[in-house]
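*Asks:* using only what follows, build the 3D model:
(chains A, B, C and D)
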4 protein chains.
Amino acid sequence: MAGSSWGELFRVSTFGESHGAALGAVVDGCPPGLALTEADIQQALDRRKPGSNRYTTARREADQVEILSGVFEGKTTGTPIGLLIRNTDQRSQDYSNIKDSFRPGHADYTYQHKYGVRDYRGGGRSSARETAMRVAAGAIAAKLLSQLGVTIRAGLVQMGTVTAQQLDWNEVHNNDFFSPCKLAVEHYDQLIRQLRKDGDSIGARIHLQATGLPPGWGEPVFDRLDADLAKALMSINAAKAVSIGDGFDVVNQRGSEHRDEMTPDGFRSNHAGGVLGGISTGQALTADVAFKPTSSISVSGDTINRHGEAEAIVTKGRHDPCVGIRAVPIVEAMTALVLVDHWLRQRAQNADVSPNTPNIMAP
Amino acid sequence: MAGSSWGELFRVSTFGESHGAALGAVVDGCPPGLALTEADIQQALDRRKPGSNRYTTARREADQVEILSGVFEGKTTGTPIGLLIRNTDQRSQDYSNIKDSFRPGHADYTYQHKYGVRDYRGGGRSSARETAMRVAAGAIAAKLLSQLGVTIRAGLVQMGTVTAQQLDWNEVHNNDFFSPCKLAVEHYDQLIRQLRKDGDSIGARIHLQATGLPPGWGEPVFDRLDADLAKALMSINAAKAVSIGDGFDVVNQRGSEHRDEMTPDGFRSNHAGGVLGGISTGQALTADVAFKPTSSISVSGDTINRHGEAEAIVTKGRHDPCVGIRAVPIVEAMTALVLVDHWLRQRAQNADVSPNTPNIMAP
Amino acid sequence: MAGSSWGELFRVSTFGESHGAALGAVVDGCPPGLALTEADIQQALDRRKPGSNRYTTARREADQVEILSGVFEGKTTGTPIGLLIRNTDQRSQDYSNIKDSFRPGHADYTYQHKYGVRDYRGGGRSSARETAMRVAAGAIAAKLLSQLGVTIRAGLVQMGTVTAQQLDWNEVHNNDFFSPCKLAVEHYDQLIRQLRKDGDSIGARIHLQATGLPPGWGEPVFDRLDADLAKALMSINAAKAVSIGDGFDVVNQRGSEHRDEMTPDGFRSNHAGGVLGGISTGQALTADVAFKPTSSISVSGDTINRHGEAEAIVTKGRHDPCVGIRAVPIVEAMTALVLVDHWLRQRAQNADVSPNTPNIMAP
Amino acid sequence: MAGSSWGELFRVSTFGESHGAALGAVVDGCPPGLALTEADIQQALDRRKPGSNRYTTARREADQVEILSGVFEGKTTGTPIGLLIRNTDQRSQDYSNIKDSFRPGHADYTYQHKYGVRDYRGGGRSSARETAMRVAAGAIAAKLLSQLGVTIRAGLVQMGTVTAQQLDWNEVHNNDFFSPCKLAVEHYDQLIRQLRKDGDSIGARIHLQATGLPPGWGEPVFDRLDADLAKALMSINAAKAVSIGDGFDVVNQRGSEHRDEMTPDGFRSNHAGGVLGGISTGQALTADVAFKPTSSISVSGDTINRHGEAEAIVTKGRHDPCVGIRAVPIVEAMTALVLVDHWLRQRAQNADVSPNTPNIMAP
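*Replies:* Below is the predicted model of the structure:
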């Protein structure tokens, strides 16, 4: 509980504010014997780091991760893994004008109400940098899953009115948008330039696909795989909607078209998105996440300060016109955390594929 | 954990299959002193019961709830509340033809994989009737919340291409669709009749609104109010997508239009849907849920049996052309469970409205 | 959490007061495929029932258990198991004189403080009858464990100054004290008769032994097997102390005598009681529990009523001179719940006996 | 769950091995507004550090703690507090001879079975140094509790046959044994010297007393205050028994003598040890913990190596003849963690002292 832990059998507890001394996490429940190095985790973090991305924030974030425990002679021991990233870039002076103001669209107002105090420096714990730890922990989970043949991929498929026309996962690494559609890249580029000129921002939609899941992961009723995934993805900063499979399109689908018929050669379709009754079917797990546009923009807006007086606010500093670009590795990380937890639960229940049930997904 | 419990401080554990002896729940963590009777809960259950609804299943479900513990002299004692509903309508013979077949779109296939066995009678634990207990527990939570001034309302706002044009909550009780739009009712009616003729089904979208929340409910990072709500709503049978506030529309919104500016007189808008940084703002909490069309239809479909052989399947019996109609009370119930749990957590933290923070939502 | 749940992977949630309508429990997490009938559970309950025991309370407690869900065609389905016991013996009139008084040594005073109200009838939720549900759930756990070769046994080994001289587990079923020592029975008998004359009560010590555990169960640091067991046993009504292995005797043992040396033929001793570093060694898990004397006695005592005025209190009705006798099946039940939970956790971690580690406990 | 977390509302997750890079913890759930500095925590750690104690290990342990998050301008923010202690003293070479041997009485054998691998350096995670984090987290909890008027004290009251004759808490800080009895110190001293000559070790008993608790803390049935405390104390390295109040003495007490009678002026006695029905009574919470003698001794013993061959083992290096001395601050820390968690739960339930219930413990 207590809000900063995720998972039951593979549990991640994080700490750290954007401008505090360090970010850290404890990953508890990773089975022993997994080969793990700092490089494995650093690779995932670097993918997230702005600077290597022309379109994201210029802020330098070194984000060098340290493994402090839980690994011995290159393999996990089964005991808790402590991770640490020291904060090296702490330009507090960028935020001095907002100490007493609430930035609309940010969590300032709500934090003040909840805690009575708030760390005004760069968003405190609600900042996107906090998610570095999720990415770090997710990298460990992803490595575990890859050994099971599970692959998780996410990419940008819509920004404003620009929409991806295809899903070529090889393309994702070739551009700075994590776009699986080559043609869309140029249009994203134009849109971003325009937004920089306008000092404004735009929303985004991320598409997720996880393949290689066996059937049977997920717990019925309350901890369904899709429900846990919805929570995981909605917990990402700026997320406003989560859909599985055909998502909101199902509202206008008939049963005869929506259902995924089965034949001895496999499923005919995947409207369900890989989950039925809260449990994986063995088909690709697909989902979409909507991210709202950043509220840290140059365009002036109305707000109030902590004395209730009207103020105008302009956020200076270095910001992203589209936070959606940065969320892609986080979407993958959260998905990994959910899947590995369900895998461990399934193993505890010890109810693998029944010999009497034809696994139409098997080769 | 263990998949059939919800909540941390207000915990609900359920049991019971559609055609088992009974459905039950333990509600643990309800504070003492709340006036509570079986009628309070029955009222919520009756709202869910088919038969009073021309468009839902003709199956008679008595669903009489019993309070077995936790209430003394009409008030909760603070000890666990046991709830029980005996199953009175158990026509197993309706399902005999599907003992060895997997109904596409249902959880049969996934259940077989997960458990090695499955109770083929009417969907077992994945049936919609199991949710009776969620509604029962939700009724207790809702009563608690109403004492705090929190009101939760949900209604059908889209079925196929028919969309509600207005939100008049008084209208919801005047029709059999839980529709807050009077004009749409006739169109829903026509659509349903057509579907019955065709032996098919359709999806639906439910809109949720909770008012009266103070600012400050929710835990940052992992147990955000919106993330918990997403999980709760996605856990409802047939749910495929959850959105908060403007949902997927934010993908095409600029920051300058999306952000909800603040003035001394209050917020100017509510694109956020009442949640910022995972914490309630005090504005109305709004969300939408997409429900897929039922797969229990007369239209024949292809499937396989447990020996892997191709089969055609037709589901006879009494079914709903639109499960979305029935989900409305469940959406309200799950929302109540999430809110009451967050209220209790907030109370534990004891960080109410700081005297220095202007509550622009206060009268 | 919420105080009425036990376990993580094998979770038991209970409800019900001594004089409420019913006692119930939800057992969630039992793997599928276990053969289970009401008779299995009833057998454990009957062992607890007074009346078959000359020395325990004459109160008739039918305690007929019903399985309401989670079992299909004689085997567990893997879904939650609902258990119910209707209360048939509810003589409230025995307790009318104590409505406003606090019985010293009982939880009346503390309950009033905690909840502001209390159900004065027969102890409410702090009564020993509530434990019927623990015994019921424990029976399911014990059946699971027996399939793994794990046997759990408990017996009375001390009452007042009378101490068992031997541990013959076959003897336990031949007397009404659950005594594994035949010679002690006559002395227990005399002591009880004297106490009835005096209208007083006495404490007891229960010894527990669980055999057949493989090495490796338990989680280091905070959820150690011995720590979880200590909590489980201390949670039994009237328990005041828990010891593992040699218990308090270790205070006066030297390291050279306490340590259990190892040879290729096995351990030389078992001072540790089967647990090292919080994890099972494969040796017999042994523990002792001290139970205080019942405070429901005829001997008059001083107390206060809810207005703070001095009063004398005499508890009439039908009571036990030694609650320790009744605790034996509960000690076994709680031990079973702890062990099965740790077994499931171990299975989740999937770290069975390493081929490189000699299992000196194996045949 | 996952074994390295403690608490529900005040949750502590730890990581770190004895000879790993660092020890750390995340403390989640500390309410905002508590004044907290590194010095507060360092003070508690220093009390634990060997070297300042003539009778404990000569190993130098700097144990300088760092607060990495959760504190802003000297006060807790309500967000997770990250704590870190770098390991500075890592003489691995002391342990090279035991790489393949199992030290009897240590967790080596069980760890190998559980994990398939083990970090042989100095006990890995089962080492006493790991508890530094418990002490650190406990210091935060203790500071919170002191603001509520709750004081927690522990001290050594028995070592071998030497027993404390009085409880003068001021004395505890005047000697190196944490002894509240001045007269016993000299005898402890003699005993330790003898043990060093013999190359052996001895067990110990620690007494705990917490005062200032209001009545009403604790959850009935499964998370009783005494049960949670039993788990917390039994989880301390080398603990073998926990007793509350009169502990095992109750086995030979009559009800008429054991019960703590009440008068308008207060309780007459405290055999219960401050807990009734799992809930605090307002009286002093008293408990005792038995610690086994260290198995790291010079006296040779029989063991086996990982190939199952018989070996003799002698542990060289710098060790304690009595680990009990070091456990005193850990007993206090674990008690603080339990109490603060129960305090927060009580606050969530919001059932403070009823105006109608006379609090005979109030001044």
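
*Asks:* use CA for all of it now, contacts and neighbours both
*Replies:* OK.

*Asks:* low-confidence ranges in chain A?
*Replies:* Along chain A, segments meeting pLDDT under 70 span A:1-3, A:49-62, A:89-130, A:220-222, A:317-318, A:348-363.

*Asks:* so which residues of chain A form helices?
*Replies:* Across chain A, reading from the start of the chain, the helices by DSSP state H fall at A:38-48, A:108-115, A:132-147, A:182-198, A:225-234, A:255-258, A:324-349.

*Asks:* can you say which of the ones you listed is packed in most?
*Replies:* Across those, averaging neighbours per residue (mean count of other C-alpha atoms under 10 Å in any protein chain shown) puts helix A:225-234 on top, at a mean of 30.

*Asks:* got the angle between it and helix B:225-234?
*Replies:* Angle, helix A:225-234 to helix B:225-234, by axes from the mean of the first three to the mean of the last three C-alpha atoms, to 10 degrees: 160 degrees.

*Asks:* ok, helix A:225-234 near chain B or not?
*Replies:* Yes. Using C-alpha under 8 Å from any C-alpha of the partner chain, a contact is recorded between helix A:225-234 and chain B, made by A:Asp226, A:Ala227, A:Asp228, A:Leu229, A:Ala230, A:Lys231, A:Ala232, A:Leu233, A:Met234.

*Asks:* can you name every helix or strand that that helix contacts?
*Replies:* strand A:239-244, strand A:279-280, helix A:324-349, helix B:225-234 (3 or more C-alpha pairs under 8 Å, 6 or more residues apart in numbering or on different chains; DSSP states H and E).

*Asks:* send me the last one as PDB with only the CA atoms.
*Replies:* Once side chains and other backbone atoms are set aside, the C-alpha atoms of helix B:225-234 remain, and they are given as PDB (Å, rounded to 0.1, in the frame of the first residue of the first chain):
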ATOM      1  CA  LEU B 225      -7.100   7.900  -7.700                       C
ATOM      2  CA  ASP B 226      -7.500   7.800 -11.400                       C
ATOM      3  CA  ALA B 227      -5.300   4.700 -11.700                       C
ATOM      4  CA  ASP B 228      -7.300   2.900  -9.000                       C
ATOM      5  CA  LEU B 229     -10.500   3.900 -10.700                       C
ATOM      6  CA  ALA B 230      -9.200   2.600 -14.000                       C
ATOM      7  CA  LYS B 231      -8.500  -0.700 -12.500                       C
ATOM      8  CA  ALA B 232     -11.800  -0.900 -10.700                       C
ATOM      9  CA  LEU B 233     -13.800  -0.100 -13.900                       C
ATOM     10  CA  MET B 234     -11.700  -2.200 -16.200                       C
END
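
*Asks:* contacting residues around that helix?
*Replies:* Outside helix B:225-234, the residues that touch it by C-alpha atoms under 8 Å, 6 or more residues apart in numbering or on different chains are A:222, A:226-235, A:242, B:217-219, B:239-244, B:275, B:278-280, B:289, B:331, B:334-335, B:338-339, B:342.

*Asks:* how about A:Val135: what's its closest non-neighbour residue?
*Replies:* Spatially, and ignoring its direct neighbours in sequence, A:Val135 is nearest to A:Ala333 (5.2 Å; C-alpha to C-alpha, 6 or more residues apart in numbering or on different chains).

*Asks:* and the one you found, what does it touch?
*Replies:* Contacts were defined as C-alpha under 8 Å, 6+ apart; by that measure A:Ala333 touches A:Arg134, A:Val135, A:Ala136, A:Ala137, A:Gly138, A:Ala139, A:Ala141, A:Ala142.

*Asks:* repeat the analysis, applying 10 Å as the threshold.
*Replies:* A:44, A:131-142, A:152-154, A:232-233, A:327, A:339 (C-alpha atoms under 10 Å, 6 or more residues apart in numbering or on different chains).

*Asks:* returning to what we had before: make a markdown table out of the helices and strands packed on helix A:225-234 and add distance to C:Arg48.
*Replies:* As requested, the helices and strands packed on helix A:225-234 are arranged in a markdown table below (distance: least, C-alpha to C-alpha, whole Å):
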| stretch | distance to C:Arg48 |
| --- | --- |
| strand A:239-244 | 51 |
| strand A:279-280 | 40 |
| helix A:324-349 | 31 |
| helix B:225-234 | 40 |
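
*Asks:* any idea which of those gets closest to A:Asp200?
*Replies:* Comparing those against A:Asp200 with C-alpha to C-alpha, the closest turns out to be helix A:324-349 (14.2 Å).

*Asks:* report the angle between that closest one and helix A:132-147.
*Replies:* Between the direction of helix A:324-349 and that of helix A:132-147, the angle (the same axes, to 10 degrees) works out to 50 degrees.

*Asks:* now helix A:324-349: how far from the chain's centre is it?
*Replies:* 9 Å (C-alpha atoms, centre = their mean, to the nearest Å).

*Asks:* could you count how many residues lie near the residue of the stretch 1-150 of chain A found nearest chain C?
*Replies:* At 5.6 Å from chain C, A:Pro31 is the closest residue in the stretch 1-150 of chain A, using C-alpha to the nearest C-alpha. Residue crowding around A:Pro31 was assessed by other C-alpha atoms under 10 Å in any protein chain shown; the count is 20.

*Asks:* please name the nearest non-neighbouring residue to it.
*Replies:* With C-alpha to C-alpha, 6+ apart as the measure, A:Gly78 is the residue that lies nearest to A:Pro31, at 4.9 Å, once sequence neighbours are left out.

*Asks:* about what we covered before: from the residues of helix A:225-234 next to chain B, which is closest to C:Ala210?
*Replies:* Proximity of the residues of helix A:225-234 next to chain B to C:Ala210 (C-alpha to C-alpha) peaks at A:Asp228, which lies at 37.4 Å.

*Asks:* measure A:Trp292 to D:Ala272 for me?
*Replies:* Careful, residue A:292 is Lys; it's not Trp. 58 Å (C-alpha to C-alpha, to the nearest Å).

*Asks:* these two: which is more packed in?
*Replies:* Neighbour count, other C-alpha under 10 Å: between A:Lys292 and D:Ala272, A:Lys292 has more, with 33 against 27.

*Asks:* tell me the contacts of the spatially closest residue to that one that is not a sequence neighbour?
*Replies:* The shortest distance from A:Lys292 to any non-neighbouring residue, by C-alpha to C-alpha, 6+ apart, is to A:Gly203 (4.6 Å). By C-alpha under 10 Å, 6+ apart, the contact set of A:Gly203 is A:158-161, A:238-239, A:290-294, A:321-325, B:248-255, B:258.

*Asks:* give me the buried subset of the residues you listed.
*Replies:* Buried members of the contacts of A:Gly203, scored by 16 or more other C-alpha atoms under 10 Å in any protein chain shown, are A:158-160, A:238-239, A:290-294, A:321-325, B:248-255, B:258.

*Asks:* what about those, which are in strands?
*Replies:* Secondary structure of the buried ones among the contacts of A:Gly203 is defined by DSSP state E; positions in strands are A:Gln158, A:Met159, A:Ala239, A:Ala290, A:Phe291.

*Asks:* hey, what's the first one bridged with?
*Replies:* Legend: beta-bridge partners of A:Gln158 under DSSP bridges are A:Thr163, A:Arg205.

*Asks:* please tell me I have it right and it contacts A:Ile206.
*Replies:* Yes. Look at A:Gln158 against A:Ile206 with C-alpha atoms under 10 Å: they come within range, at 7.1 Å.

*Asks:* tell me, what's touching these two both at once?
*Replies:* Jointly contacting A:Gln158 and A:Ile206 under the rule C-alpha under 10 Å, 6+ apart are A:Ser179, A:Ala290, A:Gly324, B:Val251.

*Asks:* dump the residues you listed into JSON lines; add distance to chain D as well.
*Replies:* Below are the shared contacts of A:Gln158 and A:Ile206 laid out as JSON lines (distance: C-alpha to the nearest C-alpha, whole Å):
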{"residue": "A:Ser179", "distance to chain D": "35"}
{"residue": "A:Ala290", "distance to chain D": "27"}
{"residue": "A:Gly324", "distance to chain D": "25"}
{"residue": "B:Val251", "distance to chain D": "30"}
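
*Asks:* nothing else from me, thank you.
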